[in-house]
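Peer 1: Test case, fold it:
(2 chains)
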Amino acid sequence: MSKMHITTTINGEPTEFLCDPSQSLLDVLRDNLGLTGSKEGCGSGDCGACSITLDDRLVCSCLVLAPEAEGKKMETVEGLAQGEHLHPLQKKFVEFAALQCGICTPGFLVASKALLAKNPNPTETEVRFGLAGNLCRCTGYDKIIRAVMEVAAEMRGAAR
Amino acid sequence: MSNGKYKWIGTRVDRPDGADKVTGRARFGADFNLPGQLMGRVLRSPHAHAIIKSIDTSAAEKLPGVKAVMTAKDLPDQPNLIVPTGEMQVNMRDITRNILAREKALFEGHPVAAVAAVTDAIAKQAIDLIKVDYEVLPHVIDVTEAMKPDAPVLHDHLMTEGVKPPPTKASNIAKRMDNAKGDIEAGWKQAEVTIEREYTTQAVHQGYIEPHAALASAAEDGQLQIWSTTQGHFQVRGFCSRLLGVEVSQIRVTPTEIGGGFGGKTVVYLEPIAARLSQKSGKPVKMVMTREEVFRASGPAPGGTVKVKLGAKKDGTIVAAECEIALQAGAFPGSPLGPACWTSFACYDIPNIKVVGFDVVSNRAKVAAYRAPGAPISAWGVESTLDILAQELGMDPIELRLKNAAKKGTKTSYGPTFDTIGFVETLEAIKNSAHYKTKPKPGYARGVAAGFWFNVGADSSAAAHVAEDGTVTVISGNPDIGGSRASLALMAAEELGVDYSKVRPIIADTSSIGFNFVTGGSRVTFATGLAVVNSVRDMIRELKVRAAKTWGVDPEAVIWEDGMAKPAGSNVGEFEPLSLAQLAASAGKTGGPINGHAQLNAQGAGPGFGVHVVDLKVDHDTGCVHIDRYTAAQDVGTAIHPSYVEGQIQGGAVQGIGWALNEEYIYNAKGRLDNAGFLDYRMPVASDLPMIDALVVEVPNPHHPYGVRGVGEVPIVPPLAAVGNAVSRSMNIRMTDLPLSPPRLSAAIDAATPKIAAE
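Peer 2: A predicted model of the protein is given here:
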């Protein structure tokens, strides 16, 4: 099977890659492009560890075929920090101990950013349902929810 | 916390690996690659129980791109020898058969052969070309069934250990275990109220989000390097040495960041296979399990049956307690039966106790440790029975537990007598909590349960190095699974009297630090913490020698205070204190580098106790449980980093909630697992839960310089019964079988509802 040539934008950077038609976008990110921040926890779209945005839509990259990225723009966990500065969600996750082992953290950060972009003033219930597609086995979610709520409040304050 | 006694201990500093883990930079098991690496895959048995008559690998070997194929024949057979691993005992004969089946496939998913190829796609193709001739045998999944005399026998050589006279016929009962205290018959005679019930639990998986992964690189001269996501890289080294017949010092294992383990990553699955494939091919070999493989073939925690009988006086004093536990070991002996038996009544001061346990093999994946292995299962039975007793006596469940609580001086049924423990303080913390003092909302019911874990010490090594600018590296050898690097650095900073930011904690590979037992048993902050403290003390001793040399005085005349060497008194002489940075700068002139070392077998791990309370309601139409409020109190000794202590309590509680409500291994009639994925194996998600209030109780452990007790395991022990007791009280039906899933609760509600006449 011949490879396909795909042109896309990843974290603001124009990027081209060659892939098998059957390769998942997650595999291309991790194996072809060295962007190993997105994790594979299940390969079936149940754990959210591979969450990225594709044209601003939150997706499990393990469920997207790599050729589907043609002409689209992607954001991964590697694109959250700007130069030396962590994104407020990244800072708050560390400050609030919202991670233990950290394997689910990239997915939670990407999903949380997408959630706050859609809903800057979520209730606790909205955050819980907004992040229900991401599994965390270490924290019991408590500190993750608190961190996201706190960042939402801070970002609203800053926007005022 | 810690009443301002300390400068660093008890503060909520940022963890040293924080930035790496929020940016995607941290490298976990599957993130490691080597130039020229091959990808490895495992062929697994589709049958629950079958004789392997032959394996034909010739077609796979001929496939272009395949560089190595292996079966059990490529590993030397092993003696019937038991070695400790984590909190379990492992038989080498069994473990080599667990890694690759020999005579028989003993569970669906049992590895049978493995290949390494230039791409993962070719490796998958090659696996399909391997022909295995199986003779399918009758299988047995359930523990009770497996114990019956006519059950299919898994191992022809397995004679039940611990029974007299020794049996002459092989069975699936690997072991019987007994422990007792007092005179149980006399106890029953004193009892005014007796409660007896039988409970069951199902196998559950640890559910770490990161699948097992390993990368091995073997050299022609016999040296072997392995990168693995593991809770114990020294165990990986030890197992691979035995399984491959390679000397220990020839193997260097580097632990990657670990994406959860909870006990399930204290054993080896892929490492010896990747290593042997690398030896055979001469190339590095990487292997990563799929989630399905993780479910089918990596260790779940056992399910089991628990019979409990309690006898009490009318005032609530428990006078007799009996418990019989049968646990699934999986395909090979070695369930956490000991801990299940020993923890069963450890919370209570009961004069007469009898505990009997059975370790039973069946055609399931070999179980592995899971957070307080065995304890949640016996606690499910004991704490549920206590709740029935409280209802029977009309007593508050906390008061009943307070009346019978173990204290300093209480002798356990398994031998030791407790030193300073904090069970009473933990019960009081719940009793005085805002949660307990507030009535449940209308329609909601409340459940309470307690839990115990011994906590573990064992072997640790550590080193402390001063850099030329006076900053410090603290080196230890336990994979950091939940923030232990932060705790170790906090203790080092406290001991040394320097800023936390001046201490960098590093986890070394097996060739760069002395032996460390696994990250497990809630031992790292206690035992490795103790090694770190001792290594820093060793370094301080050397720093005082250097200061003494500088001043021309005796080392005994120097004290270490606030990160500086100072004269012990005015009679020593007038000297300006020497800072760590100053001493480091002049080290070349005073004797060279300044380091400290420590190695120990840590004794005196302080037992931990937890008490949980939950308010919930059961939807009578769907059988769904809605949790409104959850509070977990625990005696942690001293909270070194309170946020990560709370995190352990919250995470453990939620795993326990999952165990109570939804999680279970479901097998079909062919003995195949029907729910090997996160969609059908239902772990808690954020929308299932409220906030989990963690009440940190601090009764310092007298056997640690900072009073540390292990924290990680206790919180998974109480939730099963806390949730179960609330569900039972809510439905007014005593539930005895886990999980309390919607179908089970609906069926129980329907069965108890008077039938409406069909008209």
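Peer 1: Where is the longest helix in chain A?
Peer 2: Using DSSP state H to define each element, chain A has its longest helix at helix A:142-159.
Peer 1: Which elements pack onto that helix?
Peer 2: helix A:88-95, helix A:105-118, helix A:124-130, helix B:642-661 (3 or more CB pairs under 8 Å, 6 or more residues apart in numbering or on different chains; DSSP states H and E). All C-beta atoms are positioned from the backbone trio N, CA, C, and that covers glycine.
Peer 1: Stretch B:426-435 and chain A, any residue contact?
Peer 2: No. If you take CB under 8 Å from any CB of the partner chain as the test, stretch B:426-435 misses chain A, and the best it gets is 14.6 Å.
Peer 1: now that stretch: how far from the chain's centre is it?
Peer 2: Offset of stretch B:426-435 from its chain centre (CA atoms, centre = their mean, to the nearest Å): 27 Å.
Peer 1: Tell me which of the helices and strands packed on helix A:142-159 sits most buried.
Peer 2: helix B:642-661 (a mean of 27; mean count of other CB atoms under 10 Å in any protein chain shown).
Peer 1: quick revisit: what sits up against the longest helix of chain A?
Peer 2: Under the criterion CB atoms under 8 Å, 6 or more residues apart in numbering or on different chains, residues A:88-89, A:92-93, A:95-99, A:108, A:112, A:115-116, A:120-122, A:124, A:127-128, A:131, A:136, B:643, B:646-647, B:650, B:686, B:689, B:691-692 lie in contact with helix A:142-159.
Peer 1: In TSV: the helices and strands packed on helix A:142-159, plus mean pLDDT and distance to B:Q78.
Peer 2: Output for the helices and strands packed on helix A:142-159, formatted as TSV (pLDDT from 0 to 100; distance: least, CB to CB, whole Å):
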stretch	mean pLDDT	distance to B:Q78
helix A:88-95	98	45
helix A:105-118	98	39
helix A:124-130	98	49
helix B:642-661	98	33
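Peer 1: nearest to B:V143, of these?
Peer 2: Closest to B:V143 of those is helix B:642-661 (CB to CB; 16.9 Å).
Peer 1: so after the closest one, what's the next helix or strand?
Peer 2: strand B:692-697 (DSSP states H and E).
Peer 1: then that following strand to PDB, C-alphas only?
Peer 2: C-alpha atoms of strand B:692-697 as PDB (Å, rounded to 0.1, in the frame of the first residue of the first chain):
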ATOM      1  CA  ILE B 692     -14.400  13.600  47.900                       C
ATOM      2  CA  ASP B 693     -13.600  15.400  51.200                       C
ATOM      3  CA  ALA B 694     -10.400  14.100  52.600                       C
ATOM      4  CA  LEU B 695     -10.000  14.500  56.400                       C
ATOM      5  CA  VAL B 696      -6.300  14.100  57.200                       C
ATOM      6  CA  VAL B 697      -5.700  12.800  60.700                       C
END
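Peer 1: packing partners for that strand?
Peer 2: By 3+ CB pairs under 8 Å, 6+ apart, strand B:692-697 packs against helix B:423-431, strand B:625-635, helix B:642-661.
Peer 1: quick one, that strand and helix B:423-431 angle?
Peer 2: Angle of strand B:692-697 versus helix B:423-431, following axes from the mean of the first three to the mean of the last three CA atoms, to 10 degrees, is 140 degrees.
Peer 1: Can you mark which positions in strand B:692-697 are buried?
Peer 2: B:692-697 (16 or more other CB atoms under 10 Å in any protein chain shown).
Peer 1: do stretch B:608-627 as well
Peer 2: B:608-618, B:623, B:625, B:627.
Peer 1: between those, which is closest to B:T266?
Peer 2: Minimum distance to B:T266 across the buried residues of stretch B:608-627 is 19.3 Å, recorded for B:G608 (CB to CB).
Peer 1: Assess the claim that that closest one and B:V456 are in contact.
Peer 2: No. Applying CB atoms under 8 Å as the test, B:G608 and B:V456 come out as separate, 10.9 Å apart.
Peer 1: joint contacts of the two?
Peer 2: In contact with both B:G608 and B:V456: B:522, B:710, using CB under 8 Å, 6+ apart.
Peer 1: Check the secondary structure at the residue nearest to B:F423 when sequence neighbours are not counted for me.
Peer 2: Leaving aside its sequence neighbours, B:F423 sits nearest to B:F609 (CB to CB, 6 or more residues apart in numbering or on different chains; 4.0 Å). Counting by DSSP: H, G, I helix; E, B strand; the rest coil, the backbone at B:F609 sits in strand.
Peer 1: So B:F609 sits against B:G451, correct?
Peer 2: Yes. Using CB under 8 Å, B:F609 is in contact with B:G451, at 7.1 Å.
Peer 1: How about the residues of the stretch 51-200 of chain B by chain A?
Peer 2: Residues of the stretch 51-200 of chain B lying near chain A (CB under 8 Å from any CB): B:A121.
Peer 1: what about the stretch 51-200 of chain B, any weak spots by pLDDT?
Peer 2: B:84-89 (pLDDT under 70).
Peer 1: what's the answer for chain A, then?
Peer 2: In chain A (pLDDT under 70), the answer is A:1, A:160.
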